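Novice: With the input below, show me the fold.
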Amino acid sequence: MEKLARQLATIGGSYPFTTRWHVRDIASGRETNHEGDVPMPSASTRKTSILMAAMAAVNAGLLRLEDQVVLEARLQKDVASGTYRYMTPGCVIPFRDVLVNMMITSDNVCTQAVLERLGPETMDSYCHGIGMTGTHHRGLIPPLGIGWDHPVDAVATTTQSDQVLLLNLILRGTEDAMVARRLGSTPELCRLAMDILSWQVLRNLIPSLLPYGTKVAHKTGRGRRGRMDAGIIFEGGRPLFILAAATDWVPEAMPDGLPGFAASFGSIGRVARACWDGLRG
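Specialist: Here you go, the predicted model:
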């Protein structure tokens, strides 16, 4: 782990912006991080905790996966991600599919529909109750037009260590009812959450430099200040490691004129590849 940590630090240090990460080797349980407890904009990586809060509500009988949800025109206003902002207003889909679209296309029409049913004010208590003490949800979706230099507490925030904690609980909860209960869930619902995470279609961060077809159960994020991704990486059907990585203060353009977000993809992709090479076998 010490050698891997040095490699990751070298990768992060080669870019003119901040790269924070936390990695957990599943086989040994060993972990290492760089500024893993520093709160930073979560962007859509927070949606994994929203997903699990929704699963807890389903388990408690407050919501049902088969409930029909009307995606109203008001939910399409000022939305910058996903596909349902372009759909005919009034589309009706099951709550299960709302959760799927919130995760795999990061659809913020669906995110608002989920949070309205959960009560956005409940999210901090849910996260803190399961140990994600560095995570704070603010608002339904990020405000459009927020400046690049916005303060961290102007948006929802999380830490890379919180994201690894959550993903580890979901993974363990797929087989251990007591761990699932800590999430307010069941092994069956944890397995559904794992499936949804593995259906992610936005794969330009953690999976970008991994072998083609590598299974990654993850959630990406696109913030004004950077990009982020947190997921479980599998090898041959076996979970290999959990990685949360995020960039911050990424410039609009790099010194060579290319966009900063592309370098952000490169930083996180290289971190993930180093973990893949260092933790296999």
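
Novice: List the pairing partners of whatever helix or strand residue 232 lives in within its sheet, with orientation.
Specialist: Per DSSP states H and E: residue 232 is located in strand 227-235. Neighbouring strands of strand 227-235 in its sheet, by DSSP bridges, are strand 216-222 (antiparallel), strand 238-248 (antiparallel).

Novice: for residue 227, what are its contacts?
Specialist: By Cβ atoms under 8 Å, 6 or more residues apart in numbering, the contact set of residue 227 is 43, 205, 220-221, 246-247, 250, 261, 264-265, 268. (Each C-beta comes from the backbone N, C-alpha and C, glycine too.)

Novice: what's the closest of these to residue 96?
Specialist: residue 220 (20.9 Å; Cβ to Cβ).

Novice: what sits against that closest one?
Specialist: By Cβ under 8 Å, 6+ apart, the neighbours of residue 220 are 44-45, 106, 200, 202, 204-205, 227-229.

Novice: Kindly state the pLDDT recorded for it?
Specialist: Confidence at residue 220, expressed as pLDDT, is 98.

Novice: Residue 281 too?
Specialist: At residue 281, the model reports a pLDDT of 70.

Novice: quick one: contacts for the spatially most central residue of the chain?
Specialist: Central residue of the chain (Cα atoms, centre = their mean): residue 45, 2.6 Å from the mean position. Residues near residue 45 by Cβ under 8 Å, 6+ apart: 158, 163, 219-221, 228-230, 244, 246.

Novice: Now distance to residue 110 too, for those residues, in JSON lines please.
Specialist: What follows is the contacts of residue 45, written out as JSON lines (distance: Cβ to Cβ, whole Å):
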{"residue": "158", "distance to residue 110": "20"}
{"residue": "163", "distance to residue 110": "21"}
{"residue": "219", "distance to residue 110": "13"}
{"residue": "220", "distance to residue 110": "15"}
{"residue": "221", "distance to residue 110": "16"}
{"residue": "228", "distance to residue 110": "20"}
{"residue": "229", "distance to residue 110": "19"}
{"residue": "230", "distance to residue 110": "19"}
{"residue": "244", "distance to residue 110": "23"}
{"residue": "246", "distance to residue 110": "23"}
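
Novice: May I ask which two of the residues you listed are separated the most?
Specialist: 158 and 220, at 13.3 Å, using Cβ to Cβ across the contacts of residue 45.

Novice: part of a strand, is residue 114?
Specialist: No - the assignment for residue 114, made by DSSP: H, G, I helix; E, B strand; the rest coil, is helix rather than a strand.

Novice: Could you pull out the helices in the stretch 151-281 of the chain for me?
Specialist: Secondary structure of the stretch 151-281 of the chain (DSSP state H, counting those that start in this stretch): helices at 160-173, 177-182, 187-198, 260-279.
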